[in-house]
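Undergrad: I need the structure of the sequence given here:
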Amino acid sequence: MCLLISISTAYPSKNAPAGRAKADRIPCESPAPESILPCTCSVDVETNERFMSCDFEFSADDDVTDMVENIFSQFDDTNNKFSSLGLHMGGVEGSVANLALNEKTSGKLQFDSFSMINFCVDQSDSKNGQKLFTNTAFLNSKETLTGMNMLPFCPGSIFSVEHNFFAGLEKLNFLQMDSYDYDTQSFPEHTSTWDSISTLLLSKMKISELTPSTLPAMSNLKVLEVDTQGIRRLSAGIIENYPMLEEFWSSLGDIEVVEAGFFSAMTNSKVIHMAKNKISSIDLTGLSPNTEVLLSENQIKQLTEANFRTFVEGVLNTTDATGKIMLDGNMLDCSCDLKWLVSDLMAAHVIEGGMCADGTALADLDPAALNDQCP
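TA: Numbers count the residues shown, from 1 in each chain. Purely as a prediction, here's the structure:
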């Protein structure tokens, strides 16, 4: 059973910057190529940015500590600066990442972005991830690291990091973590780290509750994705921790209710993406009239005035507003609860994909008929 690790150059994801093609690179002068085999170091011919690429193959039971540390020991202050460090593990299911990111490995390098993709963590102990992701993983990158992307490979695999893993990363602005075990290790309150983050993507996260005090406040956060299962209610007050928030993503989960006032502080909103949950009630009050609201494949049956009218009126009353609500996959009752929308405001066009339980499209409802039926 073999595990393949490749140290690459970029962290691919939503809003992440793209790297230059490898064809534009030549080998580094230092360290000597043979001293870091099976790794290679390359330099971008136009920007002089340095990149390191490694392909390791070893059994999950092998002790690879000496081998990995020996490769990183070839770097010192004269040759340890890189644009990005990425770890890509393309192994066999059941293999685990039996190495440590610490002062003797990744901590020896200085880099601007970090990615670790397709890794597996031994699930026999919930804290095994903390042996992999240690407090000294970014020892020389505290003042340079701007982006981090961590995507495990094994189905059902979760991981955590050591308590101070994020401490001192004052320039970190992009963080993506899949399958993070928040219940084992929550994010500590390192203000200097969290205040620099503009994009936080947390999918398939293990977390028991999501309240205003669960995640740290982030004064410059613009994009928040929290895709998790088991959370059934989003409490009002969460968004207040993120005054600059423009996009909120939470799909493929178990959310049933979004409390009144949840979006009341999201005045800079552009995107709300909450498809494929179990939402029956959601209050859109507070969203800007230029917000794209995706609520496809939920369990919304009624478009109540209390939840939707303020947003719809904002779209109607704002010049060149682009706001809309996408409701395909929700079977609406289409009773008198829609009179305010279809007849009073003549605003059915703000809703896209709306469908009544009897198969009638929301856009085809007759305003005059609703007026007659609903005093």
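Undergrad: nearest spatial neighbour of L365, chain-adjacent residues omitted?
TA: V342 (5.0 Å; C-beta to C-beta, 6 or more residues apart in numbering). For the C-beta atoms, the positions are set from N, CA and C on the backbone; glycine is no exception.
Undergrad: my bad, should have said F262
TA: Per C-beta to C-beta, 6+ apart, closest to F262 is A236, 5.1 Å.
Undergrad: so the one you found sits right up against G261, yeah?
TA: Yes: shown here, A236 and G261 form a contact pair, counting by C-beta atoms under 8 Å, at 3.9 Å.
Undergrad: what's the pLDDT at the closest residue to L316 other than its chain neighbours?
TA: Spatial nearest neighbour of L316, chain neighbours left out: A347 (5.8 Å); criterion: C-beta to C-beta, 6+ apart. Note for A347: predicted pLDDT of 96.
Undergrad: tell me who's in contact with A347.
TA: V312, V315, L316, L341 (C-beta atoms under 8 Å, 6 or more residues apart in numbering).
Undergrad: so the first one: helix, strand or coil?
TA: Translated: V312. helix (DSSP: H, G, I helix; E, B strand; the rest coil).
Undergrad: that one contacts V342, correct?
TA: No: V312 is beyond contact range of V342, at 11.0 Å (criterion: C-beta under 8 Å).
Undergrad: and the closest residue to R232 other than its chain neighbours, how far from L338?
TA: Counting by C-beta to C-beta, 6+ apart, E256 is the residue found nearest to R232 once chain neighbours are left out, at 4.8 Å. Distance, E256 to L338, using C-beta to C-beta, to the nearest Å: 22 Å.
Undergrad: more crowded one of the two?
TA: L338 (25 against 17; other C-beta atoms under 10 Å).
Undergrad: could you give the number of residues near the residue nearest to that one when sequence neighbours are not counted?
TA: Counting by C-beta to C-beta, 6+ apart, L338 lies nearest to L303, which is 6.1 Å off, once chain neighbours are set aside. If you count neighbours by other C-beta under 10 Å, L303 ends up with 25.
Undergrad: and L303, what pLDDT?
TA: 96.
Undergrad: could I get the full set of helices for this protein?
TA: All helices of the chain, identified by DSSP state H, fall at 65-72, 128-132, 191-194, 305-316, 339, 367-373.
Undergrad: please name every helix or strand in contact with the first one.
TA: In other words, helix 65-72. Secondary-structure packing of helix 65-72 (3 or more C-beta pairs under 8 Å, 6 or more residues apart in numbering; DSSP states H and E): strand 50-58.
Undergrad: for the strand it packs on, what is the average pLDDT?
TA: On average, strand 50-58 scores 77.
Undergrad: then stretch 236-252?
TA: For stretch 236-252, mean pLDDT rounds to 96.
Undergrad: what does stretch 118-138 give?
TA: 83.
Undergrad: enumerate the positions of stretch 26-42 that are buried.
TA: Residues C28, P31, I36, C39, T40, C41, S42 are the ones in stretch 26-42 that count as buried (16 or more other C-beta atoms under 10 Å).
Undergrad: which one of those sits closest to D183?
TA: Nearest to D183 among these is C39, at 36.1 Å by C-beta to C-beta.
Undergrad: show me the shaky parts of the stretch 1-150 of the chain.
TA: Low-confidence segments of the stretch 1-150 of the chain (pLDDT under 70): 1-23, 56-62, 90-95.
Undergrad: burial measure for S264, as a count.
TA: Neighbours around S264, by other C-beta under 10 Å: 16.
Undergrad: how about the strands of the stretch 201-350 of the chain, start to end?
TA: 223-227, 233-234, 247-249, 257-258, 271-273, 281-282, 292-294, 324-326, 331-332 (DSSP state E, counting those that start in this stretch).
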